[in-house]
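Peer 1: Please work out how this folds:
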Amino acid sequence: MSIPEGKKVYFASDNHLGAPTPAQSLPREKKFVAWLDTIKKDAAALFLLGDLFDFWFEYSTVVPKGFTRTLGKLAEISDSGIPIYYFVGNHDLWMHGYFEDELNIPVFHGPQEFEMNGISFFVGHGDGLGPHDKGYKRMKKLFTNPVAKWFFRWLHPDIGVRLAQYFSVKNKLISGDDDAKFLGEEKEWLVQYAKRKLETRHYDYFVFGHRHLPLNIALNEKSKYLNLGDWIHYFTYAVFDGEALSLKEYKD
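Peer 2: This next block holds a predicted model:
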């Protein structure tokens, strides 16, 4: 991917729209949409690294109610020719066609490698990676099991979505909110994961979400790990100007 002069690539993650209630998340959604408006003028691409919604499940003909402002703005940006790349998180694992068909946004279900202006990136949501997250790894196997998804689809959306929203907000094991404290690099499992990846291949930047903590950590003299934080407490994002990647905070 070649980034034209004067253009930038933006990264954001973990909005959890709809939580803890639609009314309470609405101001955050409006703030996010306002940010999307500001980046349109110089964005070469936009990467959304998952958990845009606190819960998202696509039935054959139904998607969760709400988020009109966000979906409309993403459609506007995509229609203008700015590519958007979406990575599913642990709250929106069940994306299967809606973003691709309606918004022309490719959806990735695992980390991907990118090269921009000769600089290498390893990008993903971050859930289930590294030596930690064992409880979630077990739950993810259940959530992504085709038989379990088939049974869930037979629930009426009014029941299925409300039930999932309840557990999404209440279950700390799923949300990971109880882990949102920095306890040192040696306990940051995504840092450990990135260091292990570097043993076999070089990447200039590892970019993840999921941790809800804005972090910028040097892994060695040439590689860095960035966590995007969230749009609940920090309103942080990353921007690549064609040469370097940095974390920033949006203040409207």
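Peer 1: show me where this structure has helices.
Peer 2: 22-39, 68-79, 98-103, 134-143, 146-153, 157-170, 172-175, 189-197 (DSSP state H).
Peer 1: Skip the chain neighbours and tell me the closest residue to F57.
Peer 2: What sits nearest to F57 in space, not counting adjacent residues and going by C-beta to C-beta, 6 or more residues apart in numbering, is W94, at 4.4 Å. C-beta: built from backbone N, CA, C; applies to glycine.
Peer 1: From G124, how far out is that neighbour?
Peer 2: According to C-beta to C-beta, to the nearest Å, W94 and G124 sit 17 Å apart.
Peer 1: do the same with L17
Peer 2: Using C-beta to C-beta, one gets 20 Å for the distance from L17 to G124.
Peer 1: neighbouring contacts of stretch 231-238?
Peer 2: 10-12, 14-16, 28, 31-32, 35, 207, 212-214, 226, 228-230, 245-251 (C-beta atoms under 8 Å, 6 or more residues apart in numbering).
Peer 1: Report the buried members of those.
Peer 2: 10-12, 14-16, 28, 31-32, 35, 207, 212-214, 226, 228-230, 245, 247, 250 (16 or more other C-beta atoms under 10 Å).
Peer 1: Among these, which lie within strands?
Peer 2: In this view, these that belong to strands under DSSP state E are Y10, F11, A12, V207, P214, L226, L228, L245, L247.
Peer 1: Report the two of these separated the most.
Peer 2: Y10 and P214 (14.6 Å; C-beta to C-beta).
Peer 1: And the pLDDT at the residue nearest to H96 when sequence neighbours are not counted?
Peer 2: Take H96 and drop its neighbours on the chain: the residue closest to it by C-beta to C-beta, 6+ apart is E58, 5.3 Å away. The score at E58 is 78. That number is its pLDDT.
Peer 1: Confirm for me that E58 is in contact with D92.
Peer 2: No - using C-beta atoms under 8 Å, E58 is not in contact with D92, being 9.4 Å away.
Peer 1: so what's the nearest residue to E243 once chain neighbours are set aside up against?
Peer 2: Closest residue in space to E243, ignoring its immediate chain neighbours: N117 at 7.2 Å, by C-beta to C-beta, 6+ apart. Contact partners of N117, counting by C-beta under 8 Å, 6+ apart, are M1, S2, I3, G242, E243.
Peer 1: any idea which of those is closest to S78?
Peer 2: Closest to S78 out of the contacts of N117 is M1 (16.4 Å), distances taken as C-beta to C-beta.
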